[in-house]
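Q: missing the sequence, but the structure's below:
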């Protein structure tokens, strides 16, 4: 009888120890997973924000179709100013501008007279050229290419779920100014759905009670915010 009691007591102690340890580690593990996963989600949202801003520059509005946004990135180009050489403070004070220097150098090349350029101490190699660059290269500077840009469509740590996107093309300020709006989001349930269920419910409930979107997002369809992220 005593032996049985001791065994049961030992089992109970082990079980209570497990429950205690688990109650401590569960929220710690949840927060650790949340931190690393949010970083991956934010990376994509920032890339999407960059694309949406360029899209509205070229088209005058945002798009809720993220597949079309990626096609735009793959097929689009961007004109950029290529610069070689710069002007010193003295040259700027002497009323030299980029445009004036370019005209002066073009004239010098035609006439062979470089006196004005040399006297001002301006490099004969000074150049300002407009070049056309593939859009992905222009916007992301090697972070993505045509083979990897599709990654920004999908919420990390999900089975291929895409970000939700919504536009509002009817927003007008009190001054009568029309401003296109866009919102792109990923709910906590998507990229944290395989984590502890109770911790996830607590997180979603807490954010909802505060009036916050329970997830990560950029932009807003209710008011202009320059595509700010709700983590910023």
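A: All right, it came through fine. Because the structure is predicted, anything quoted here is derived from the model rather than measured. Numbering: from 1, shown residues only.
Q: list phi and psi for the residue most central in space within the chain.
A: Per CA atoms, centre = their mean, the C-alpha nearest to the average position across the chain is that of residue 46, at 0.5 Å. In terms of degrees, to the nearest 10, the main-chain angles of residue 46 are phi -60, psi -40.
Q: cool, residue 185 as well?
A: phi -150, psi 160.
Q: let me see the contact set for the residue nearest to the centre of the chain.
A: The contact partners of residue 46, taken as CB atoms under 8 Å, 6 or more residues apart in numbering, are 218, 229. In this view, the C-beta of every residue, glycine as well, is placed from N, C-alpha and C.
Q: which parts of the protein are helices?
A: 2-59, 66-75, 89-93, 98-111, 115-119, 135-140, 188-191, 197-209 (DSSP state H).
Q: tell me, how many residues neighbour residue 77?
A: 14 (other CB atoms under 10 Å).
Q: find the nearest non-adjacent residue to it, please.
A: Of all residues not flanking residue 77 in the chain, residue 132 sits nearest, at 5.0 Å (CB to CB, 6 or more residues apart in numbering).
Q: does that neighbour touch residue 76 like I think?
A: No. Here residue 132 does not reach residue 76: they are 10.4 Å apart, not a contact under CB atoms under 8 Å.
Q: these two: which is more packed in?
A: residue 76 (17 against 10).
Q: look up how far residue 64 lies from that one.
A: 18 Å (CB to CB, to the nearest Å).
Q: what do you get for residue 156?
A: In terms of CB to CB, residue 156 sits 21 Å off from residue 64.
Q: over to residue 168?
A: Relative to residue 64, and taking CB to CB, residue 168 is found at 10 Å.
Q: now do the shared contacts for the two.
A: Common neighbours of residue 168 and residue 64 are listed as residue 182 (criterion: CB under 8 Å, 6+ apart).
Q: what's the nearest residue to residue 83 once chain neighbours are set aside in contact with, if anything?
A: The shortest distance from residue 83 to any residue other than its chain neighbours is 6.0 Å, reached at residue 128 (CB to CB, 6+ apart). Taking CB under 8 Å, 6+ apart, we find residue 128 in contact with 81, 82, 83, 84, 98, 99, 101, 102.
Q: and the buried ones among these, selectable in ChimeraX?
A: Buried members of the contacts of residue 128 can be picked out in ChimeraX with the line below, counting by 16 or more other CB atoms under 10 Å:
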select :101
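Q: from the contacts of residue 128, which is closest to residue 163?
A: residue 81 (32.4 Å; CB to CB).
Q: residues contacting that closest one?
A: 128, 129, 130, 131.
Q: follow-up on the earlier one: which among the helices of the chain is found nearest to residue 231?
A: It's helix 2-59; of these, that one is closest to residue 231 (CB to CB) at 6.1 Å.
Q: coming back round to it: looking at the helices of the chain, which is closest to residue 172?
A: helix 2-59 (16.3 Å).
Q: from the chain's centroid, how far away is stretch 120-129?
A: 36 Å (CA atoms, centre = their mean, to the nearest Å).
Q: could I get the buried residue list for it?
A: For stretch 120-129, by 16+ other CB under 10 Å, it's 120, 122, 126.
Q: pLDDT at residue 129, what is it?
A: As predicted, residue 129 sits at a pLDDT of 89.
Q: actually residue 17, not the one I wrote
A: Reading off the model, residue 17 has pLDDT 51.
Q: quick check on residue 174: phi, psi?
A: Here is the backbone geometry of residue 174 (degrees, to the nearest 10): phi -60, psi -20.
Q: Throw the helices of the chain into CSV and include distance to residue 231, thanks.
A: Formatted as CSV, the helices of the chain follow (distance: least, CB to CB, whole Å):
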stretch, distance to residue 231
helix 2-59, 6
helix 66-75, 20
helix 89-93, 40
helix 98-111, 39
helix 115-119, 51
helix 135-140, 20
helix 188-191, 12
helix 197-209, 12
